[in-house]
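> what's the 3D shape of this:
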Amino acid sequence: MPPPPAHACKMLLEMVPPTHTEGMAGLNKRLTEIQQIQDAIPVHAINIPEIHPESAHGNQGSRNKPFEARMSPREFSRHIHNATGLDCIVNHVVVHQPRAALEEWLIESRQSFGIHQVVLVGGERHTIQYPGPGVCEANRMAKSLPQNSPFKVGNICIPGRRNEAQRIAQKLDAGADFFTTQVMYEAEHMTALARQLAIADTDIRHTEFYLSVCPVQSARNIQFLQWLGVHISPSTEAKLLAHKRQMLQTSIDHIQSMWQQLLAAQTPLSHPFTLHLNLCPIGNIRVDTCIQLGRALLACTRGEMP
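The predicted structure follows:
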């Protein structure tokens, strides 16, 4: 099979803010890691999640540490930009704030923190009555604020979720510019979503999708990802657990294979995804591992076969 056509792939680096307990030492450690990765691979921006004390998203797995309060993503973004010059994408769960408070948060993010890219995130459960607006309403709010240059608005994509193609279309209509996916290990969910969007004639040619990838190095990593709701098929889990001493390299090889499958699947689509990468070092993944994975995936994008 010939290599897939090359495209200008952007690489996000996802970095969780330090806990209050970690203090300045935790902040400086993260800033050093970001700088080391930035020096080794082309990082487009830092993607900063907002962590809440939520219950499990999935029906498998477990977490090993209790929730700890963290530095706010906006404050973390300010430190990152001052230290590295990199832009930051700040995630924000919109349903916890009434509409007026969310509007104030958006205005303050732009005027006081210089943030111009946000990922607006919905609630954990559809059965809960939240005080704030849903994602589509929040998208429209962000796009309608009086400002010289509007926010670039992102949303979350969960490719294996029921009716995800319909959700994507609704979010696009409400102003979404790009999507970051849930952490992925199976190419089939993404290719199936692409087909569903094509059947619905949803035009995604100008929409960026950032595929979230995370190497794993222990059974605990897998359990925590499953607790977060990440789908890992039984066959993939068995492959990762088969050789525990080589699990990290096995996961890197698996992610690289998935990325190659997704790149190759774009050619026959009438409305192909514009695929980029969101590198997520969840679970104490070392800097050199991030660099190794990032380089391997960018090489695949350039059509350089392993």
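
> quick one: the strands in the protein, in order.
11-14, 45-48, 88-93, 117-121, 152-157, 178-183, 208-213, 274-279 (DSSP state E).

> dump those strands into CSV; add mean pLDDT, distance to residue 73 and mean neighbour count as well.
Heads up, the C-betas are built off the backbone N, CA and C, glycines and all. Output for these, formatted as CSV (pLDDT from 0 to 100; distance: least, CB to CB, whole Å; neighbours: other CB atoms under 10 Å):
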stretch, mean pLDDT, distance to residue 73, mean neighbour count
strand 11-14, 98, 11, 22
strand 45-48, 98, 4, 23
strand 88-93, 97, 5, 22
strand 117-121, 97, 10, 24
strand 152-157, 97, 13, 22
strand 178-183, 97, 14, 21
strand 208-213, 97, 17, 23
strand 274-279, 96, 15, 22
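
> where does the prediction get shaky in the stretch 51-200 of the chain?
Scanning the stretch 51-200 of the chain for pLDDT under 70 picks out the ranges 54-64, 148.

> still on that earlier bit, can you redo the strands of the chain as CSV with distance to residue 39?
Below are the strands of the chain laid out as CSV (distance: least, CB to CB, whole Å):
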stretch, distance to residue 39
strand 11-14, 12
strand 45-48, 14
strand 88-93, 18
strand 117-121, 22
strand 152-157, 26
strand 178-183, 24
strand 208-213, 21
strand 274-279, 15
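
> in the stretch 1-150 of the chain, which spans are helices?
Ranges of helices within the stretch 1-150 of the chain are 23-40, 73-84, 99-111, 135-144, based on DSSP state H, counting those that start in this stretch.

> now tabulate those in TSV and tack on distance to residue 120 and mean neighbour count.
Output for the helices of the stretch 1-150 of the chain, formatted as TSV (distance: least, CB to CB, whole Å; neighbours: other CB atoms under 10 Å):
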stretch	distance to residue 120	mean neighbour count
helix 23-40	24	15
helix 73-84	12	19
helix 99-111	9	15
helix 135-144	5	20
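
> got JSON lines for those helices, with distance to residue 91 too?
Conversion of the helices of the stretch 1-150 of the chain to JSON lines gives the following (distance: least, CB to CB, whole Å):
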{"stretch": "helix 23-40", "distance to residue 91": "16"}
{"stretch": "helix 73-84", "distance to residue 91": "6"}
{"stretch": "helix 99-111", "distance to residue 91": "12"}
{"stretch": "helix 135-144", "distance to residue 91": "12"}
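
> out of those helices, nearest to residue 17?
helix 73-84 (4.1 Å; CB to CB).

> about what we covered before: the strands of the chain: which one's closest to residue 224?
Among the strands of the chain, the nearest to residue 224 by CB to CB is strand 178-183 (10.6 Å).

> which elements pack onto that closest one?
strand 152-157, strand 208-213 (3 or more CB pairs under 8 Å, 6 or more residues apart in numbering; DSSP states H and E).
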